[in-house]
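*Asks:* okay, predicted coordinates and the sequence, questions at the end:
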Amino acid sequence: MKYLSKVYLVLVFMVLYIPILVLMLFSFNDTSNTGALTGMSFYWYRELFRSEDTFVALKNTLILAVSSSLIATVIGTAASVGLSRMKKRYIRRAVNTVTDIPMMNPDIVTGISMMLLFVAVGTMLGLTEKLGFVTLLIAHITFSLPYVILSVMPRVREMDQSIPEAALDLGCTPLQSFFRVELPMISPGILSGLILSFTLSLDDFIISYFTTGNDFQTLPLLIYSMTKKEVKPDIYALSTLLIVAITILLLLANFSGDRDKRVKKKIAKYAKQRAE
Amino acid sequence: MRKKSFMSSLVAVPHMVWCALFIVAPLLFVIYYSFTNTEGSFTLDNLTRLSDYGDTFLLSVEMSIIATFFAFLVGYPFAYFMARQSETGRKICMILLMLPMWTNLLIRTYSMMAILDDGGFLNSVLAWIGLGPVHIVGTKGAVIFGMAYDFFPYMVLPIYTAISKIDNRLMEAAQDLGCNGRRVLTRVVLPLSKSGIISGITMVFVPSISTFYISQKLGGGTFELIGDTIERQFQVPSTYNIGAMISLVMMILILISVAVMNRFSESED
């Protein structure tokens, strides 16, 4: 039984990994043939780096991920602290429910709903380019917020309230007590919220697809536009580089990835809903 | 003190304003567009035109249910076996499962398409061992397989989390009391992992029913799912209204089915 279960795990992992491995292998093919290896070369990698689009998209993706995750972390942390102090339970509950909408809704609905808002507001303001970096930034902050709050909120709740009170009694101003006492105590939650929203932003395609304009392309959007055309191994090369980068990051994260946290957050959410 | 707590709860205000502007307002826009025409006047036309998309809806529901079912069928034993591995084994499995999750959906789908394509890797291998070419991309099966493949880790992880929380002594007790292996599974492990199963099903079903990339690539453009329909309506402003209506209906259907599933598990707990 023990042996059979290992065989089963290996078989499923093989199905999971064969497409990725084949893709990596064919990125080194020296022709555009995607069925048979005709020879090994770095042709498609050179081709990839010859195009400026790749670098622009990489730069855009990083700018967007850094800025959206930082802003979402600040807003979300403040919200977690504020909501936990709120006396009125119904407001707290209403805010939590609304915050979680982007997490529960299919991404395509979140994407088109924001697009409708941005287009309508853009038309009202008379803008020619209604969608672009700013709208993309707003969208990414919005879908990151529930994950930040889910990371920070438990830390705030677990915190012994008498400690900041003691700080106040000992002469701290509320601001000092927050920055010198509370913030260090909830910082692990803040850090995990930051990393989580950073990776979510890097990876997002569907919501970005609906909320960006012609002049701002991220890596997932670039991959999408490349796959719209004929099958060419330059996408394989780009994908291989991304997969290698991800693998290194994953191993660096000391065998405890953060994407897994996203799923755990969602599981915890569903569990909590049922408990209520 | 009361005043102080009111003051400090004010730091949540930016978030509340943000939610109102960028979560609530967009949804109101979806409702507004659903019940207006291109000139902006009230109409129920979009509601009546929904019947044109009934078949697409049914096809999407059917395919995503089958995909979710297969993901569960393969994923449950997978999670169960994974939970019974040694500490190191579990860690390795976890990393191997996370890597595809970290890999962009577009890349995973595209690599699957490249393998299954008519001139792709699978057909080259088949030709090499003397088997005829198989046509896979462009069939319903390919899309269903793609959905189950892409979202497989999202099925396994919640179930794995639920199973690994089960106290081993419970299974031992069941065995001591005369349960055979199958009855331990059906009477102890399955019921105790129900919350994980429901999370897993939701996390595979929702992205499957709303996908448009998987059906574009693995469906080869031969048929349309509801995600494709919505995506197409938002290419030009003249069809935003009907697109909004389809999205609204899909959203409501998903919310209802998730709520029903949650209620269903609750009533038995």
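*Replies:* Cool, got the structure. Predicted model only: the values in this text are computed from it and were never measured.
*Asks:* ok, A:Arg92 - contacts?
*Replies:* By CB atoms under 8 Å, 6 or more residues apart in numbering or on different chains, the contact list for A:Arg92 reads A:Leu83, A:Met86. All C-beta atoms are positioned from the backbone trio N, CA, C, and that covers glycine.
*Asks:* and it, what element?
*Replies:* Assigned by DSSP states H and E, A:Arg92 belongs to helix A:89-104.
*Asks:* mean confidence (pLDDT) on that helix, please.
*Replies:* If you average the pLDDT over helix A:89-104, you get 89.
*Asks:* how far is that helix from where the chain is centred?
*Replies:* 20 Å (CA atoms, centre = their mean, to the nearest Å).
*Asks:* would you mark the buried spots in it?
*Replies:* A:Arg92, A:Val95, A:Asn96, A:Val98, A:Thr99, A:Asp100, A:Ile101, A:Pro102, A:Met103, A:Met104 (16 or more other CB atoms under 10 Å in any protein chain shown).
*Asks:* what do you get for stretch B:156-171?
*Replies:* For stretch B:156-171, the neighbour count (16+ other CB under 10 Å) marks B:Val156, B:Leu157, B:Pro158, B:Ile159, B:Tyr160, B:Thr161, B:Ala162, B:Ile163, B:Ser164, B:Met171 as buried.
*Asks:* what do you get for stretch B:253-265?
*Replies:* Per 16+ other CB under 10 Å, stretch B:253-265 contains these buried residues: B:Ile254, B:Ser257, B:Val258, B:Met261, B:Asn262, B:Ser265.
*Asks:* thinking again about what came up before, looking at the buried residues of helix A:89-104, which is nearest B:Leu99?
*Replies:* Using CB to CB, A:Met103 is the member of the buried residues of helix A:89-104 that lies nearest B:Leu99, at 23.0 Å.
*Asks:* all helices for chain A, in order.
*Replies:* Remark: helices assigned in chain A by DSSP state H are A:2-26, A:43-50, A:52-85, A:89-104, A:107-125, A:133-158, A:162-169, A:174-177, A:183-203, A:206-211, A:219-228, A:233-252, A:259-275.
*Asks:* check which helices and strands the shortest one sits against.
*Replies:* Using 3 or more CB pairs under 8 Å, 6 or more residues apart in numbering or on different chains; DSSP states H and E, the elements in contact with helix A:174-177 are helix A:162-169, helix B:2-9.
*Asks:* mind saving the C-alpha coords of that helix as CSV?
*Replies:* Output of helix A:174-177 as CSV, limited to C-alpha atoms (Å, rounded to 0.1, in the frame of the first residue of the first chain):
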residue,chain,number,x,y,z
PRO,A,174,-1.2,56.9,20.6
LEU,A,175,1.0,57.4,17.6
GLN,A,176,4.2,56.4,19.4
SER,A,177,2.4,53.4,20.9
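*Asks:* what's the weakest-modelled helix or strand in chain A?
*Replies:* helix A:259-275 (a mean of 67; mean pLDDT, DSSP states H and E).
*Asks:* generate JSON lines for the buried residues of helix A:89-104, with distance to A:Lys229 as supplementary columns.
*Replies:* Shown next, in JSON lines, are the buried residues of helix A:89-104 (distance: CB to CB, whole Å):
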{"residue": "A:Arg92", "distance to A:Lys229": "49"}
{"residue": "A:Val95", "distance to A:Lys229": "44"}
{"residue": "A:Asn96", "distance to A:Lys229": "44"}
{"residue": "A:Val98", "distance to A:Lys229": "40"}
{"residue": "A:Thr99", "distance to A:Lys229": "39"}
{"residue": "A:Asp100", "distance to A:Lys229": "38"}
{"residue": "A:Ile101", "distance to A:Lys229": "35"}
{"residue": "A:Pro102", "distance to A:Lys229": "31"}
{"residue": "A:Met103", "distance to A:Lys229": "33"}
{"residue": "A:Met104", "distance to A:Lys229": "35"}
